[in-house]
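Engineer: sequence? don't have it. structure:
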């Protein structure tokens, strides 16, 4: 197993994804790939924020954030 495969396997484990999720993702049609990859990015971002802030217990709160408002260039407060 090469280094990238090990990193992908570790990320799958950290995010609670099934084994070989990444390999299956590569076989998806375009829209399924985009939707699933977006969910992976959200989960990875949530996990990274909780780890950086060193508070695993806030991970659920981050997961509930509405990211549309955060990334939309037209969103007005």
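Structural biologist: Thanks, I have it. Because the structure is a prediction, the values reported are computed rather than measured. Residues are numbered from 1 along each chain as shown.
Engineer: just for this structure, where's the confidence low?
Structural biologist: Low-confidence regions of the chain, defined by pLDDT under 70, span residues 62-77.
Engineer: what comes up buried for the longest helix along the chain?
Structural biologist: Among the elements of type helix in the chain, defined by DSSP state H, the one spanning the most residues is helix 30-52. Judged by neighbour count (16 or more other CB atoms under 10 Å), helix 30-52 contains these buried residues: 40, 43, 46-47, 49-50. Using the backbone N, CA and C atoms, a C-beta is placed for each residue, glycine as well.
Engineer: between the residues you listed, which is closest to residue 14?
Structural biologist: Comparing these against residue 14 with CB to CB picks out residue 47 as the nearest, at 6.0 Å.
Engineer: thought that closest one was touching residue 16?
Structural biologist: No - in this structure, residue 47 sits apart from residue 16 without contact. The criterion is CB atoms under 8 Å, and the distance is 9.5 Å.
Engineer: what about stretch 38-57, distance to the chain center?
Structural biologist: Its chain's C-alpha centre lies 8 Å from the corresponding centre of stretch 38-57 when counted by CA atoms, centre = their mean, to the nearest Å.
Engineer: What of stretch 24-39?
Structural biologist: Using CA atoms, centre = their mean, the distance between the centre of stretch 24-39 and that of its chain works out at 12 Å.
Engineer: Equivalent analysis for stretch 46-59, please.
Structural biologist: Computed by CA atoms, centre = their mean, the chain-centroid distance of stretch 46-59 equals 13 Å.
Engineer: switch to numbering from 44
Structural biologist: Noted, 44 is the first residue going forward, which turns the last one into stretch 89-102.
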